[in-house]
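**Student:** please work out how this folds:
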Amino acid sequence: YPRHRLVLLCLLFSGNYYNQGEIRKKELEQSCYVLGIPASDVTVIDHRDLPDDPAVEWDTQLLATLVLEHIEAKNINLVLTFDAGGVSGHANHISLYTAVRYLHSEGKLPEGCRVLVLESVNLFRKYISFLDVLISCLLPRDELFVLTEEETEQAKRAMRCHRSQLLWFRQLYLLFSRYLVLNSLRLL
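**Tutor:** Numbering: from 1, shown residues only. As a prediction, the model looks like this:
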């Protein structure tokens, strides 16, 4: 794919699951800065009917409406989102996929707007880092992005900006996750 301008819509909804909404919003802004995404291209939506809770499935219609408004307002032609597994099984991530899939299947996305979904992999593959390149090359996918060492370090710096979320298992994620080295995606 040719280089696209990155525009981030974060359905953070204040990230208030642990009452850390403002902290998480600042961390997101810092992370985007590290990734080269200007603050003007970062939108954080806070909606009372879409709580930040890993166990809550969001309303598909409401979420689809918010996402479509953002896609149209920013003239977005490529959407990257989670797949049906939400990478970690997080209900909010899965809800986002469901809303985008709905927009796609109902023909509601603007003409020429494509959707790529990030493949969820099993726990073994998730934590074998660069070794998953061998497996990923053998499996069907539409795109496989392998990060350079410099890009991997940049991704790790961006992840470290999310200090409030760097629990012990996310420290392991920084060390061993294949998602910091490669990402396989499928077109919807």
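
**Student:** just want the most central residue of the protein.
**Tutor:** Nearest to the mean C-alpha position of the chain, counting by CA atoms, centre = their mean, stands residue 81 at 5.3 Å.

**Student:** could you measure from that one over to residue 131?
**Tutor:** 26 Å (CB to CB, to the nearest Å). Quick note: C-beta positions are derived from backbone N, CA and C, even for glycine.

**Student:** try residue 45
**Tutor:** Counting by CB to CB, the gap from residue 45 to residue 131 is 37 Å.

**Student:** so for these two, which residue has more residues nearby?
**Tutor:** residue 45 (16 against 13; other CB atoms under 10 Å).

**Student:** low-confidence stretches in the chain?
**Tutor:** 1-19 (pLDDT under 70).

**Student:** mind listing the strands for it?
**Tutor:** Assigned by DSSP state E, the chain shows strands spanning 8-10, 42-44, 78-82, 114-118, 143-146, 182-187.

**Student:** could I get those as TSV with distance to residue 135?
**Tutor:** Output for the strands of the chain, formatted as TSV (distance: least, CB to CB, whole Å):
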stretch	distance to residue 135
strand 8-10	29
strand 42-44	33
strand 78-82	20
strand 114-118	16
strand 143-146	11
strand 182-187	9
